[in-house]
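Enquirer: Everything below, folded, please.
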Amino acid sequence: MRFLFTTLQFVESDFYGRVGDRLRQGGHEVAHVTFSRLAAGALRRWGFRAFCLPDVMGEVGEGAAGEVERIERRYRLPSLRDVYRCDPAVRRTGEGAAVSRTVRHFRALERVIDEVVPDAIVPEVGRETMREAALRVGTDRGARVLFLVNSPFPRPLRLYVDTYDGPIVAPEEVRPLSDAERDEVEQFIARFTDRAKPILSYRRTFVTPAKLRDFVRHVAVRHVHERDNDYLRPSSFVANYGRQKLREAAARRLYEPGPLARPGERQPSPLAGPGERPFVYFPLHVTDDYKIERIIPHCADQEYLIRQVADSLPQGYDVVLKEHPHSLGRNPLGMLRRLAALSNVRLVDPYTSSHELMRRAVAVTVISSTVGLEALLYGKGVLTMGRPYYAGYGVTVDVESFRDLRSAVPAVLDFRPDPERVLAFLHACMRSTYEGEVVWQDDSDANAASVAATLERVAWEHLPRRPEGARRVEPVLAR
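Expert: Alright, predicted model coming up:
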């Protein structure tokens, strides 16, 4: 089997280099295409066939007239803008430059994929143009494109084939459970709720020796090796760090006062005081997440959605907001201030335990946050607005149009999912996941080995038929 990994910078490339090495040891062929010239060189020294995407883009150029129309027609794109609109590298460029860059991305990846002829392509999910172009060109050429996504289940890795969005399991997979299966899922729920730990670490905005070393390395790499790397911008790192520290400090004045429970603690919270108003928990989404920007851009205005939820609640109820662990200092301060000023909206300290909020909430409302799935483990009613991967199975209240929020919000206060249906759904999810974690959660050698075995298994299950007599490599890493 032949794998092609498409990666952005050194950390991704190094991790998938180790994944590829395990696959290579299992008898498979592995190639890499990366945006980082330094990473491409390191992968070549490791013995891989590796392409630096900006170099290939320079070689292929923009091609003849009519390339925009050809690419849009061949890959069934409404426009090239649909590919590059989320890419942070083109935010400050004009339309002509963005279109030219996108054309060169497609032409370069066409050359690489036509040379390598991979059976499976592995890009990370994200907003960058190369990820979307790899999906389009790869599926057009008959390869399987595998996207890795995290989950809260015992085997954390979800894999999407030829898409990065969709339901986690087919509806028919949600079926009655055997006694052993019921015991398995109930044990998972008990462990998860007893542990009561966040599944994502908090994004800390302070200077450490490691961050200083990374910054110095980024400056050196940018000026020596990566002058044309659109994503390596050390000056932006400094500016963003300053803005985030100022926002984080200013936002503290908006948080609810009192000894709110933090992750892993069970101290009293004013949210649970005698006579306290019942509330709906609404976790804020990551501000620049690929899901928001690429898949559900109609949900990008969180302030509007929160106002709609707050206005739809009956009198006597509040909305409790908590910032995402990866968005501390990144949410617009004006938005937080306006929301905190609403009479039935309460902004809590971002280190408040999400598990405590789920336990105490009457219901949970989400755009597409995993918190909605976690709330099912507490038996809570969940309202979804962005069609997350756990929507549509009859265990959540799902809004397809925001016009329905006026009726859906009061309805979720009384909605309780059927416990049997929840258990059957959760076990179907558990059966669908794999060993391993995404690189930003765990970049260890042990995880690289787990991911390699999972990729081999999934690629083999979904591998397109090869011509008669073509060499086939049986899966060996998962044995």
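Enquirer: And Phe147, which helix or strand is it part of?
Expert: Element membership for Phe147 (DSSP states H and E) is strand 144-150.
Enquirer: Need the residues that contact that strand.
Expert: 119-125, 134-135, 138-139, 156-164, 199, 436-438, 441, 451, 455, 458-459, 462-464 (Cβ atoms under 8 Å, 6 or more residues apart in numbering). For glycine as for every other residue, the C-beta is placed from the backbone atoms N, C-alpha and C.
Enquirer: try 6 Å
Expert: 120-122, 125, 135, 138-139, 156, 158-162, 164, 438, 441, 459, 462 (Cβ atoms under 6 Å, 6 or more residues apart in numbering).
Enquirer: Please, a PyMOL command that selects the buried ones among these?
Expert: Burial among the contacts of strand 144-150 is assessed by 16 or more other Cβ atoms under 10 Å; the matching PyMOL selection reads:
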select buried, resi 120+121+122+125+135+138+139+156+158+159+160+164+438+459
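Enquirer: Compute the distance from the centre of the helix or strand just after the strand holding Phe147 to the centre of its chain.
Expert: From strand 144-150 onward toward the C-terminus, using DSSP H and E, the following helix or strand is strand 157-161. Centroid separation for strand 157-161 versus its chain: 11 Å, with Cα atoms, centre = their mean, to the nearest Å.
Enquirer: tell me the domain ranges of the protein?
Expert: The chain resolves into domains spanning 2-151+433-462, 188-202+259-429 when parsed by automatic domain parsing.
Enquirer: can you give me the strands in the stretch 301-450 of the chain?
Expert: 318-322, 345-347, 363-366, 381-384, 397-398 (DSSP state E, counting those that start in this stretch).
Enquirer: Now do the strand holding Phe147 against strand 157-161, angle only.
Expert: 150 degrees (axes from the mean of the first three to the mean of the last three Cα atoms, to 10 degrees).
Enquirer: so where is the stretch 51-200 of the chain shaky, pLDDT-wise?
Expert: Counting by pLDDT under 70, the stretch 51-200 of the chain shows low-confidence ranges at 200.
Enquirer: now the helices: where do they sit in it?
Expert: 53-60, 67-74, 81-84, 95-116, 129-140, 179-195 (DSSP state H, counting those that start in this stretch).
Enquirer: Which among those is found nearest to Arg338?
Expert: helix 81-84 (30.6 Å; Cβ to Cβ).
Enquirer: The closest one: how far from the chain's middle?
Expert: On Cα atoms, centre = their mean, the centre of helix 81-84 falls 19 Å from the chain's centre.
Enquirer: Does anything pack onto it? Which helices or strands?
Expert: helix 95-116, helix 129-140 (3 or more Cβ pairs under 6 Å, 6 or more residues apart in numbering; DSSP states H and E).
Enquirer: tell me the contacts of the residue nearest to His427 when sequence neighbours are not counted?
Expert: With sequence-adjacent residues excluded and distances taken as Cβ to Cβ, 6 or more residues apart in numbering, His427 is closest to Val185, at 4.4 Å. By Cβ under 6 Å, 6+ apart, Val185 lies in contact with Leu423, Leu426, His427.
Enquirer: Columns distance to Pro388 on top of the helices of the stretch 51-200 of the chain, output as CSV?
Expert: Conversion of the helices of the stretch 51-200 of the chain to CSV gives the following (distance: least, Cβ to Cβ, whole Å):
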stretch, distance to Pro388
helix 53-60, 31
helix 67-74, 30
helix 81-84, 22
helix 95-116, 29
helix 129-140, 20
helix 179-195, 18
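Enquirer: ranking these by burial, who's on top?
Expert: Compared across those, helix 129-140 shows the largest average neighbour count, a mean of 23 (mean count of other Cβ atoms under 10 Å).
Enquirer: Quick one: residues contacting Tyr290.
Expert: Tyr290 neighbours (Cβ under 6 Å, 6+ apart): Val125, Gly126, Arg127.
Enquirer: any idea how far the nearest residue to the second one once chain neighbours are set aside lies from Gly47?
Expert: Same thing as Gly126. Computed as Cβ to Cβ, 6+ apart, the closest residue to Gly126 that is not its neighbour in sequence is Tyr290, at 5.3 Å. Tyr290 is 32 Å from Gly47, where distance means Cβ to Cβ, to the nearest Å.
Enquirer: Right, I'll leave it there.
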